[in-house]
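S.K.: what's the 3D shape of this:
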Amino acid sequence: MCVAVNGVDDLDFLAGQGQDNIDEFGAALRGEAALQAHLAPEREAMLQIDAAGLTQAMSSILPQVDKDALLRNDELGESVVTGIRVGLKYGSDGWADDDLAFVADWGFSLDEVNVPVLLYQGSEDKMVPYAHGQWLAKHLPQQHLRKHFFNGEGHISIFLGQLDNMLDELLQVASH
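M.R.: Numbers count the residues shown, from 1 in each chain. Prediction:
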C-alpha cells in the first residue's frame, strides 16, 4: 500500500513491516475510532504480558535478533515490558496518537528540520524497516544528521550494543 504520508508519496511506508503493523496502520488510516477499536484488546493483553509473551504476541514485527535480545537479556526484556505497562496503564491514547502521527501531516517537511537528528537503524528492523531509515537519511538536512546503520540489528537489539553510544551522542548534542 503506497499512500502519501506527510507529503511523501515516494515511499511505501508499510513495505518491510510485519503483519501486526500493517493491520494497525490500516486501522489508523481509517481514523481514530477504528484505531482505538483495534488497540483496545491489544492493550488489555499487553498489560498482562511478560517478555516471552511479548515475543510471541509481536512475532510478526520482531525479527529473531529482537526476540533473542528480549529473551536472553532479562534486564532489557523487563525494561521493555515495564515501559509498555506504564505507557498503557491509563489507556491507549498515547499509542493511538503515535500511530495517527504516522499517517497524518506533521505540519512541516523534513527539509525544514534545523536541529540535530540522531538516526540509528538496524537492518533487521520490522517495526521501522531499514528502507525507512535510508529514506530518512536521504531526505533530512545532511548538516543536522548523524546517521548510524547496523547490519544484523533490529528495533530492540540495537540497544544492547549501541545504548552507550546513543547516550554519549545525545549528551554531546545537548551540550552544544
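S.K.: all strands for this protein, in order.
M.R.: Under the criterion DSSP state E, strands of the chain are mapped to 117-122, 145-150.
S.K.: most neighbours per residue, which of the ones you listed?
M.R.: When you average the neighbours per residue for each of the strands of the chain (mean count of other CB atoms under 10 Å), strand 117-122 leads with a mean of 19. C-beta coordinates here come from the backbone N, C-alpha and C atoms, glycine included.
S.K.: what's the angle between that strand and strand 145-150?
M.R.: 10 degrees (axes from the mean of the first three to the mean of the last three CA atoms, to 10 degrees).
S.K.: what helices and strands are in contact with strand 117-122?
M.R.: Taking 3 or more CB pairs under 8 Å, 6 or more residues apart in numbering; DSSP states H and E as contact, the helices and strands that strand 117-122 lies on are helix 130-139, strand 145-150, helix 158-174.
S.K.: and of these, who's closest to residue 47?
M.R.: Set against residue 47 and scored by CB to CB, these come closest in helix 158-174, at 22.8 Å.
S.K.: how about residues contacting the closest one?
M.R.: 69, 73, 76, 116, 118, 120-122, 125, 146, 148, 150, 153 (CB atoms under 8 Å, 6 or more residues apart in numbering).
S.K.: can you pull the contacts of the closest residue to residue 148 other than its chain neighbours?
M.R.: Counting by CB to CB, 6 or more residues apart in numbering, residue 120 is the residue found nearest to residue 148 once chain neighbours are left out, at 4.8 Å. The contact partners of residue 120, by CB under 8 Å, 6+ apart, come to 148, 150, 158, 162, 166.
S.K.: how about the strands of the chain in TSV, adding mean pLDDT and distance to residue 139?
M.R.: Listed next are the strands of the chain as TSV, based on pLDDT from 0 to 100; distance: least, CB to CB, whole Å:
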stretch	mean pLDDT	distance to residue 139
strand 117-122	97	11
strand 145-150	97	10
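S.K.: export those to CSV and tack on distance to residue 87?
M.R.: Converted to CSV, the strands of the chain look like this (distance: least, CB to CB, whole Å):
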stretch, distance to residue 87
strand 117-122, 21
strand 145-150, 25
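S.K.: and of those strands, who's closest to residue 99?
M.R.: Closest approach to residue 99 among the strands of the chain is made by strand 117-122 (19.9 Å; CB to CB).
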